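Enquirer: When you get a sec, could you give me coordinates for this:
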Amino acid sequence: MVRPCRTPTGGSNSTLPPNSEWYWRFNVLKAEILVWQHLDDQSLALNQTDLPPSLATSDLAVWRRLSQAVASAYVHRLPDARRYLDEAEAMAEAHHAELLGQVALRRGTVLLGDGAVSDAESAYHRALLLAREEKNPFLEAAALGSLGVVTAKQQHYDQSLDWNRAALQLSRSIGAESSVARVLGNMGWSFVELGDDDNALENYRQAEEAARRNGQIGDELYWRTGIAAVYHLERDYRSAEAVLKQALDQVRRQDDKSIASEYLNELSELALETGNWAAAEGVFKGSGGSCAIGWRPDRGARHHVDLWAHRRNQGGATARRRAGSAP
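Expert: Numbering: from 1, shown residues only. Predicted coordinates for the structure are as follows:
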């Protein structure tokens, strides 16, 4: 649950006059936080009201469109996401050139979700270039991590680890803890693909712990699926099941239904592999019939140090290794 944004005097944004700039700054910030917490529908609802004319060309107008773009992408409204991005870019070019790097970063995320991997990589490289030109280390860390995701998507796992190590070092040096959590998790993905389950498990555990400390509920829950997947690969079915069941009720309350799908699919596969047919049937019924064995949500990388491509590939890679084929 998102805590209300606080004013310097301790009040929430609801205590501010709705025509004040600070009211809208808190509103846009809260919508961005909701995206980071995988509460995309809530973020879109919060951003539904237009800014007042006095803020129509402000930096807030750009940030609002950027939040709307990624939230729309995560709920599979890609035409809306592209429209919001185009509007954000036009406003940034006209009034806020310092935000063009953020636009490039979000464009990479939306492109990757749409399957345009090469175009996404180009967008991330542009974000990295602009970050370095502007001496913006937070944007630079995000772009480095996003390049780690897109190279992993291309199955260049060693190169992905190089990008992610650079992102991790920079993120730690500037105290960007939310980026640290996501980079660690995405490194776990590459280690799984390289067959290094020990390092994969360690990175996933660190990612889950960092996400929990940062209040990144959706990410914390998602990295549990990575931990469970490693246990599954090692045939430690009891540990894999325990990791997933511990947070299943919380998972079902998330707007991001791909996380629930990951949990339910993994639980059903565990039940089938251990011959527990009754449990497998129970998982299917509990999913309302939406759980299909072997299916993984068609997702791309989540923003900044993106996870969306990780979600699409982790399950498929795990399934290939279970079958004994090369990654």
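
Enquirer: and I33, what helix or strand is that in?
Expert: helix 21-36 (DSSP states H and E).

Enquirer: Packing partners of that helix?
Expert: Applying 3 or more CB pairs under 8 Å, 6 or more residues apart in numbering; DSSP states H and E, we find helix 21-36 packed against helix 40-46, helix 59-74. For glycine as for every other residue, the C-beta is placed from the backbone atoms N, C-alpha and C.

Enquirer: Please work out the average pLDDT along it.
Expert: The pLDDT scores in helix 21-36 average 89.

Enquirer: likewise stretch 127-139?
Expert: Mean pLDDT, stretch 127-139: 96.

Enquirer: Outside of it itself, list whatever touches it.
Expert: 98, 100-102, 104-105, 108, 140, 142-144, 146-147, 170, 173-174, 176, 179 (CB atoms under 8 Å, 6 or more residues apart in numbering).

Enquirer: on that earlier part again, what comes up buried for the helix holding I33?
Expert: The neighbour-count check on helix 21-36 (16 or more other CB atoms under 10 Å) flags 23-28, 30-36 as buried.

Enquirer: Can you dump the C-alpha atoms of it in PDB for me?
Expert: Provided in PDB are the C-alpha atoms of helix 21-36 (Å, rounded to 0.1, in the frame of the first residue of the first chain):
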ATOM      1  CA  GLU A  21       1.600  23.400  -8.000                       C
ATOM      2  CA  TRP A  22       2.500  21.300  -5.000                       C
ATOM      3  CA  TYR A  23      -0.800  19.400  -5.200                       C
ATOM      4  CA  TRP A  24       0.000  18.300  -8.700                       C
ATOM      5  CA  ARG A  25       3.600  17.600  -8.000                       C
ATOM      6  CA  PHE A  26       2.600  15.200  -5.300                       C
ATOM      7  CA  ASN A  27      -0.100  13.700  -7.500                       C
ATOM      8  CA  VAL A  28       2.300  13.000 -10.400                       C
ATOM      9  CA  LEU A  29       5.000  11.700  -8.000                       C
ATOM     10  CA  LYS A  30       2.500   9.300  -6.400                       C
ATOM     11  CA  ALA A  31       1.400   8.000  -9.800                       C
ATOM     12  CA  GLU A  32       5.000   7.300 -10.600                       C
ATOM     13  CA  ILE A  33       5.500   5.400  -7.300                       C
ATOM     14  CA  LEU A  34       2.400   3.400  -8.100                       C
ATOM     15  CA  VAL A  35       4.000   2.300 -11.400                       C
ATOM     16  CA  TRP A  36       7.100   1.200  -9.500                       C
END
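
Enquirer: quick one: that helix to helix 59-74, angle?
Expert: Angle, helix 21-36 to helix 59-74, by axes from the mean of the first three to the mean of the last three CA atoms, to 10 degrees: 20 degrees.

Enquirer: picking that back up, would CSV of the buried residues of helix 21-36 with distance to H125 be doable?
Expert: Output for those, formatted as CSV (distance: CB to CB, whole Å):
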residue, distance to H125
Y23, 37
W24, 33
R25, 31
F26, 34
N27, 33
V28, 28
K30, 31
A31, 28
E32, 24
I33, 28
L34, 29
V35, 23
W36, 24
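
Enquirer: Between which two of the residues you listed is the distance greatest?
Expert: Largest separation among these by CB to CB: Y23 and W36, giving 20.9 Å.

Enquirer: What residues does Q206 make contact with?
Expert: Neighbour list for Q206: L184 [criterion: CB under 8 Å, 6+ apart].
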